[in-house]
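K.L.:
I'd like to go over a predicted model; first the sequence, then the structure.
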Amino acid sequence: MLVYHGSDHIIEVPLYNGSKRTNDYGYGFYTTESIELAKEWACADRRDGFVNIYELDLSGLKILRLNSPEYNILNWLAILAKYRSYWQSGSISEEAKNYLSEHFFVDPTPYDIIIGYRADDSYFTFAQDFVAGTISLQKLSEAMRLGRLGEQIVLKSRTAFERIRFVDSKLAEAEIYYEKKKDRDREARQAYRNTRRSASPINELYMIDIMREGIENGDPRLR
């Protein structure tokens, strides 16, 4: 399969554990099947960048697919809570993060590849709001559906890094793709504001409900 990685430079040989630990899923090489998203990521600093193109062979690799039916959005949040920094502190946030870690965390260590959502800045803000108790799980899920996040494919193990081969690189023009990134973020935030303003049925789940009721994986209310 072809995958793409947006960067400010050309990367012919991805470096194992060369990324930040505070990325969505910790150390890894982050790619996507969407060349358009990769170009946006390449221009995140408002400068021209490059989309690096690779062939990736997934055969025989152990893959954690966080968007598959056996997982739910809280599994994704639990991983973000472990690796991403800049979480809100105070109120319920720390207790909520601990609950997510204890009951919903999926250890990525045994896997070669993780496939799941990318937590762009706007979506990370939405996730923080849920963990802090200001929006319901249903409102968070709706905001995620309305967005155009796309999936990212993250290489985690040395074995996975042996399966990727550089093919080519293309220029990503900030004049085009930084503006596209801004527009997508603006649309996501507007959709989120609209969702927050809409009425919440009394049976919607908040983080405090999940903790008080001891809700865990497999509960039908999380689907």
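P.N.:
Arrived safely.
K.L.:
check contacts around Tyr27.
P.N.:
Shown in contact with Tyr27 (C-beta atoms under 8 Å, 6 or more residues apart in numbering): Asn17, Gly18, Ser19, Lys20, Arg21, Lys156. Just so you know, the C-beta spots here come from the backbone N, C-alpha and C atoms, and that holds for glycine as well.
K.L.:
Name the nearest of those relative to Met211.
P.N.:
Ranking the contacts of Tyr27 by separation from Met211, with C-beta to C-beta as the measure, puts Arg21 on top at 26.9 Å.
K.L.:
quick one: secondary structure of the spatially closest residue to the closest one that is not a sequence neighbour?
P.N.:
Once flanking residues are discounted, Arg21 sits nearest to Tyr27: 5.6 Å by C-beta to C-beta, 6 or more residues apart in numbering. Using DSSP: H, G, I helix; E, B strand; the rest coil, the secondary structure recorded for Tyr27 is coil.
K.L.:
ok, Tyr27 to Leu15 distance?
P.N.:
When C-beta to C-beta, to the nearest Å is the yardstick, Tyr27 and Leu15 sit 10 Å from each other.
K.L.:
Same check on Phe161?
P.N.:
In this structure, Phe161 lies at 8 Å from Leu15, with C-beta to C-beta as the measure.
K.L.:
cool, and Glu95?
P.N.:
In this structure, Glu95 and Leu15 are separated by 37 Å, where distance is defined by C-beta to C-beta.
K.L.:
and those two? which has more neighbours close in?
P.N.:
A direct count of neighbours by other C-beta atoms under 10 Å for Glu95 and Leu15 places Glu95 higher, at 14 against 9.
K.L.:
quick one: contacts for that one?
P.N.:
Applying C-beta under 8 Å, 6+ apart, we find Glu95 in contact with Met211.
K.L.:
Equivalent analysis for Cys43, please.
P.N.:
Cys43 neighbours (C-beta under 8 Å, 6+ apart): Gly6, Gly49, Ala172, Glu173, Ala174, Tyr177, Tyr178, Lys181.
K.L.:
The last one: neighbouring residues, count only.
P.N.:
Think Lys181. Applying the criterion other C-beta under 10 Å, we find 21 residues in the vicinity of Lys181.
K.L.:
Specify the local secondary structure of it.
P.N.:
helix.
K.L.:
Please verify my assumption that it contacts Ala44.
P.N.:
Yes. Using C-beta atoms under 8 Å as the test, Lys181 is close enough to Ala44 to be in contact (6.7 Å).
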